[in-house]
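Visitor: starting from these lines, generate the structure:
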Amino acid sequence: MKKVLTLLPLAFAIPAILAAPAEDAQVVLGGAGHAQSGLLPLPDAVEGIINKGEERVHQWYEDGKQFIKQHGLTYELVQHPHFGDYKLRVTSPKLCDPSVKQYSGYLDITDDKHLFFWFFESRSAPEDAPLVMWLNGGPGCSSSTGLLFELGPCNIADGGANTTFNPHSWNTHANIIFLDQPINVGYSYSEDGSTVDSSPVAGKDVYAFMELFLTRFPEYSTQPFHLAAESYGGTYVPNIANVIYTENQQIPLSPGANLIKINLASVMMGNGMTDNYVQMASIPDYLCEGPYPIYDDPQGAQCTALRSKVPTCQRLIKSCRDFNSRLTCVPAALYCNSQLYAPIQQSGLNPYDARIKCDREKDGPLCYRQMGWIETFMNDPEVKAALGVNPQRTFESCNMAVNQAFMLQGDSMRNTPLLLTDMINDGVRLLIYAGNADMMCNYMGNERWVEQLDTIFLDEFSTATTEQWVTIRSGKVAGTVRSAGGGGSGAGNVTFVTVYESGHMVPYDQPEAALDMMTRWIMDIPLTLDVTEAAAPFMPFGGI
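Guide: Residues are numbered from 1 along each chain as shown. This next block holds a predicted model:
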């Protein structure tokens, strides 16, 4: 089936899912040892078998925890009294990087949503390492792409038959969760095939997941939490961060709810789609005058025609934001995507990397053959069993039905940056980075919307100089950085990074630089700091 790429910029994701245990079988982890944790107490029953049609679900209690066995797979069950519609199923795989502690499984939601997650502990000092959540975009792409193709502990190899150790994994200095959302992405699923079609819906579910996960694993709850994503994650993440930030403020009002304050420290977005009013208008500039132009003459007929589409696109986006309805937002999405992305799709180049051509027959519909390798690996029955995934489930790297559902809500045209203002003013830091060879979410548009972001750092960022960024390990000039806030001693409160010689997926194209950037960011060390001065703080952690 031919897959349409003119809808929304696609990014990538991660694994996971399994058929939900019978509702009446899901009793909760608890007991006296959990009374102070916020988990429900254990019931009196010790063991039982529940029949649901032809399905037999075996449940039991052991060492103060509840377990359930279904489809031949065993999970620990976690529930929180404040989140009655949510349950967490957890198992402990040893794939990808067996040297670190791992958890995987599902967040089950009563309205038939099941979100897969895969967690990896930090390779160094996990008890002190920050917690990071990574989301891919699409919308409709699994974060397994981020895990197995970009920044995870292992890289897909040999056509999907194997993985190899990734020395530049982001769990070098961070505990990291890869989450497949919304439903029907990667291993995530709904039994009836229903789907989610807007980013605000995702926020509530991810917040509930974080509360259940951190209640069960409180050892990861005391460190800073960083929410990271790429591509359409630039729309997801502000919505999710806004829910976390808002819910954190409500916790003092519910002292008996045993909720954990999630230490939201920063939002990180790579080659994201966040402010389409600004970013769509940058497409002609990038294609005609950028570092990898597809047209020879910036003032020629093709560039002139492309620029003529911008006023109508912006007028439609403004109407979407003024009225905030599907009736006004869908026309904006349809017009802007079809008119401004058309030259990219017709160029014969990889839309995510202007430096290389794309042969979709050989490279696949998204121009990366590794996407097919990931599907091969994730559909291996042994991999599914290890991750707690129903063997009947089929993994797809990207779900185009989800992509179209978001498109037909006009989701990406809304005023997403508005969600960031209050939290940034209150100290939540923002890192926007972009590879300079990406045509879909280009670096010019990303820098421009950050320049216009209405925060207390607006004036300082507007006058901030662009400085070189040199990696610590190799001393290579990896790109440039502009920053506001931090007083010169930190990585900044609002920071924009251009990454040289990189396309849409910075951790894939520039793995060493991506790890250098991410590590300095979570440690609050300026990217502009002299290499000899900056090296010392990394020494106790084994270097980059």
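Visitor: for Ala265, what are phi and psi?
Guide: Phi and psi for Ala265, reported as degrees, to the nearest 10, are phi -100, psi -40.
Visitor: ok, Thr222 next?
Guide: phi -90, psi -10.
Visitor: dump the residue contacts of the closest residue to it other than its chain neighbours.
Guide: Excluding its sequence neighbours, the residue lying closest to Thr222 (C-beta to C-beta, 6 or more residues apart in numbering) is Asn263, at 7.4 Å. Any C-beta I mention is one placed from the backbone N, CA and C, and that applies to glycine too. Asn263 is in contact with 221-225, counting by C-beta atoms under 8 Å, 6 or more residues apart in numbering.
Visitor: okay, the host helix or strand of Leu327 in CSV with CA atoms only?
Guide: Per DSSP states H and E, Leu327 falls inside helix 326-340. The C-alpha trace of helix 326-340 is given here as CSV (Å, rounded to 0.1, in the frame of the first residue of the first chain):
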residue,chain,number,x,y,z
ARG,A,326,-12.3,21.6,13.6
LEU,A,327,-14.1,23.6,10.9
THR,A,328,-11.4,26.2,10.8
CYS,A,329,-8.4,24.1,11.7
VAL,A,330,-8.8,21.3,9.1
PRO,A,331,-8.8,23.6,6.1
ALA,A,332,-5.6,25.2,7.4
ALA,A,333,-3.9,21.8,7.8
LEU,A,334,-5.1,20.6,4.4
TYR,A,335,-4.0,23.7,2.5
CYS,A,336,-0.7,24.3,4.2
ASN,A,337,0.5,20.8,4.1
SER,A,338,-0.5,20.1,0.5
GLN,A,339,0.8,23.5,-0.9
LEU,A,340,4.0,24.0,1.0
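Visitor: and after it, which helix or strand comes next?
Guide: helix 342-346.
Visitor: just how off-centre is that following helix within its chain?
Guide: Averaging C-alpha positions (C-alpha atoms, centre = their mean, to the nearest Å) puts helix 342-346 26 Å from its chain's average.
Visitor: can you mark which positions in that helix are buried?
Guide: Buried residues in helix 342-346, counted by 16 or more other C-beta atoms under 10 Å: 343-344.
Visitor: tell me the average confidence for that helix?
Guide: Mean pLDDT, computed over helix 342-346, is 93.
Visitor: do stretch 99-119 as well
Guide: 94.
Visitor: please apply the same query to stretch 530-537.
Guide: pLDDT averaged over stretch 530-537 gives 52.
Visitor: any of the contacts of Asn263 buried? List them.
Guide: The neighbour-count criterion (16+ other C-beta under 10 Å) marks 221, 223-225 among the contacts of Asn263 as buried.
Visitor: shouldn't Ile432 be within a helix?
Guide: No: assessed by DSSP: H, G, I helix; E, B strand; the rest coil, Ile432 does not belong to a helix; its assignment is strand.
Visitor: isn't it right up against Val499?
Guide: No: Ile432 sits out of contact with Val499 when judged by C-beta atoms under 8 Å, with a separation of 11.2 Å.
Visitor: ok, those two, which is more surrounded?
Guide: Per other C-beta atoms under 10 Å, whichever of Ile432 and Val499 has more neighbours is Val499, with 27 against 24.
Visitor: circling back to that earlier point, distance of the residue nearest to Thr222 relative to Lys65?
Guide: Per C-beta to C-beta, to the nearest Å, Asn263 is found 26 Å from Lys65.
Visitor: same question, Gly372
Guide: 39 Å.
Visitor: go on, Thr465?
Guide: 55 Å.
Visitor: tell me which of those two has more neighbours.
Guide: A side-by-side neighbour count of Thr465 and Lys65, using other C-beta under 10 Å, places Lys65 first with 20 against 9.
Visitor: now that one. Its backbone dihedrals?
Guide: phi -130, psi 150.
Visitor: what bridges to it?
Guide: Glu62 (DSSP bridges).
Visitor: and it, what pLDDT?
Guide: For Lys65, the model assigns a pLDDT of 87.
Visitor: pretty sure it contacts Tyr75?
Guide: No: between Lys65 and Tyr75 there is no contact under C-beta under 8 Å: 10.5 Å.
Visitor: where along the stretch 151-300 of the chain do the helices fall?
Guide: Residue ranges of the helices in the stretch 151-300 of the chain, as given by DSSP state H, counting those that start in this stretch, are 199-216, 233-250, 276-289.
Visitor: want to throw those helices into TSV with mean pLDDT, mean neighbour count and distance to Tyr443?
Guide: Shown next, in TSV, are the helices of the stretch 151-300 of the chain (pLDDT from 0 to 100; neighbours: other C-beta atoms under 10 Å; distance: least, C-beta to C-beta, whole Å):
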stretch	mean pLDDT	mean neighbour count	distance to Tyr443
helix 199-216	91	22	23
helix 233-250	95	23	13
helix 276-289	98	23	8
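Visitor: run through the neighbouring helices and strands of the helix or strand harbouring Ser462.
Guide: Using DSSP H and E, Ser462 sits in helix 458-463. Contact partners of helix 458-463 among helices and strands, from 3 or more C-beta pairs under 8 Å, 6 or more residues apart in numbering; DSSP states H and E: helix 443-451, strand 477-484.
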